[in-house]
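Chemist: I would like the atomic coordinates for the input below:
(one chain, ligands or ions: 1)
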Amino acid sequence: MRVLKGHGTGNDFVLVPDLDGALELTPELVRALCARHTGIGADGVLRVVRAAKDPDGARYAADAEFFMDYRNADGSLAEMCGNGVRVFMAYLQRACVVDHDAAVATRGGIVRVQTGADGVITVDMGQPRVLADRPVVTAAPLPPTPGARVELPNPHVVVEVGEPADLAALELSDPPLVEPARPGGQNVEFVVRTGPRQLLMRVHERGVGETQSCGTGICAAVVAAATAEGSERDDTVWQVQVPGGSCSVTWRADGTVLLSGPAVIVAELDLDDSWLEAALAAAGSA
Ligand SMILES: N[C@@H](CCC[C@H](N)C(=O)O)C(=O)O
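Modeler: Residues are numbered from 1 along each chain as shown. Predicted coordinates for the structure are as follows:
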């Protein structure tokens, strides 16, 4: 089995090319690949398959050739992955199956992805949904604080905290408590404003834990911050710094959100059967 390792601002993935949809990607196999000590180690898996060859992708096949089958490290499915889709695009270009512009199908719909001359990849993430309720988030030592619920289409709750030191002090090894919790969970972003249209962010991802970056979360953070200050859809560029790097975001006048950032392919690996068996056993017993 041949796989690749890649990352976008430190949000890392195992890419599994399976263009004809022959592989059975079980939750156990996802956990085995993502295991940090016994597997390759990643926040998630990106299975690369022709849309027509996947049951979830087939409905998009007329408009998008490839389907990004994204799985969180715990084996769960998610609608979209903003960093992952840039890495997915980097893979498609490396495999010479697309040029610099592609439509990619995801469980959350089709997204348009473009690579600039500088190698920066921009994704049209579509229209965010800002929900009216204000769930209360608790993560030590932060007191219970109301956050903004934003869907892109993944579920996010964005909480503003005071200073960079408050952000650094947050204990995120366990999932933050969100009340009321959304069935199925949510991603939680903690942000500090460091200047006009500049945010510093940490994130706890549903199905993963704290990660170095989350692309849909970065967009959700900008949408929440712009909404709070009344500068929605003003076409300006926001910069969001995360532990793994930085991305820029534009909430356009037509309501769609653009996410731009890097994507890196780190390695291409052949997994041998004995490793796969051992990794599966380790993931099963973890
Ligand atoms: N890291 C991703 C989001 C991955 C899915 C997320 N954990 C979820 O379950 O919604 C990104 O870059 O957007």
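Chemist: which residues of the stretch 151-286 of the chain score low on pLDDT?
Modeler: Within the stretch 151-286 of the chain, the ranges that satisfy pLDDT under 70 run 283-286.
Chemist: so which bits of it are right by the ligand?
Modeler: Within the stretch 151-286 of the chain, the positions adjacent to the ligand are 154, 187, 205, 206, 207, 208, 214, 215, 216 by C-beta under 6 Å from any ligand atom. Any C-beta I mention is one placed from the backbone N, CA and C, and that applies to glycine too.
Chemist: TSV please, covering those and showing neighbour count.
Modeler: TSV is the format used below for these (neighbours: other C-beta atoms under 10 Å):
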residue	neighbour count
154	24
187	24
205	28
206	20
207	18
208	20
214	34
215	29
216	32
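Chemist: tabulate those residues (JSON lines), appending distance to residue 124 and secondary structure.
Modeler: Below are these laid out as JSON lines (distance: C-beta to C-beta, whole Å; DSSP: H, G, I helix; E, B strand; the rest coil):
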{"residue": "154", "distance to residue 124": "16", "secondary structure": "coil"}
{"residue": "187", "distance to residue 124": "20", "secondary structure": "strand"}
{"residue": "205", "distance to residue 124": "22", "secondary structure": "strand"}
{"residue": "206", "distance to residue 124": "23", "secondary structure": "coil"}
{"residue": "207", "distance to residue 124": "24", "secondary structure": "coil"}
{"residue": "208", "distance to residue 124": "24", "secondary structure": "coil"}
{"residue": "214", "distance to residue 124": "18", "secondary structure": "coil"}
{"residue": "215", "distance to residue 124": "12", "secondary structure": "helix"}
{"residue": "216", "distance to residue 124": "13", "secondary structure": "helix"}
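Chemist: farthest-separated two in these?
Modeler: 207 and 215 (14.9 Å; C-beta to C-beta).
Chemist: quick one, what contacts the residue positioned nearest the centre of the chain?
Modeler: Among the residues of the chain, the one closest to the centroid is residue 81, at 3.3 Å (C-alpha atoms, centre = their mean). Shown in contact with residue 81 (C-beta atoms under 8 Å, 6 or more residues apart in numbering): 11, 13, 44, 46, 68, 70, 106, 215, 216.
Chemist: could you measure it against residue 149, distance?
Modeler: 19 Å (C-beta to C-beta, to the nearest Å).
Chemist: for residue 235, same thing?
Modeler: Counting by C-beta to C-beta - residue 235 and residue 149 are separated by 24 Å.
Chemist: which of those two has more neighbours?
Modeler: residue 149 (20 against 11; other C-beta atoms under 10 Å).
Chemist: excluding chain neighbours, what is closest to that one?
Modeler: residue 131 (4.0 Å; C-beta to C-beta, 6 or more residues apart in numbering).
Chemist: I'd say that neighbour and residue 153 touch.
Modeler: No. The pair residue 131 and residue 153 does not pass the contact test of C-beta atoms under 8 Å, sitting 12.0 Å apart.
Chemist: and the two? Which one has more around it.
Modeler: residue 153 (19 against 13).
Chemist: ok, the spatially closest residue to the more buried one that is not a sequence neighbour - contacts?
Modeler: Excluding the flanking residues, the one nearest residue 153 by C-beta to C-beta, 6+ apart is residue 108, at 4.2 Å. Applying C-beta under 8 Å, 6+ apart, we find residue 108 in contact with 79, 80, 126, 153, 154.
Chemist: residues from the stretch 1-150 of the chain in reach of the ligand?
Modeler: Residues of the stretch 1-150 of the chain lying near the ligand (C-beta under 6 Å from any ligand atom): 11, 44, 72, 78, 81, 82, 83, 84.
Chemist: quick one: contacts for the nearest residue to residue 100 once chain neighbours are set aside?
Modeler: Leaving aside its chain neighbours, residue 100 sits nearest to residue 115 (4.4 Å; criterion: C-beta to C-beta, 6+ apart). Contacts for residue 115 were tallied using C-beta under 8 Å, 6+ apart; they are 89, 90, 93, 100, 101, 121, 122.
Chemist: tell me the one among these nearest to residue 197.
Modeler: residue 122 (17.2 Å).
Chemist: how close does that closest one get to the ligand?
Modeler: Between residue 122 and the ligand the distance is 14 Å, computed by C-beta to the nearest ligand atom, to the nearest Å.
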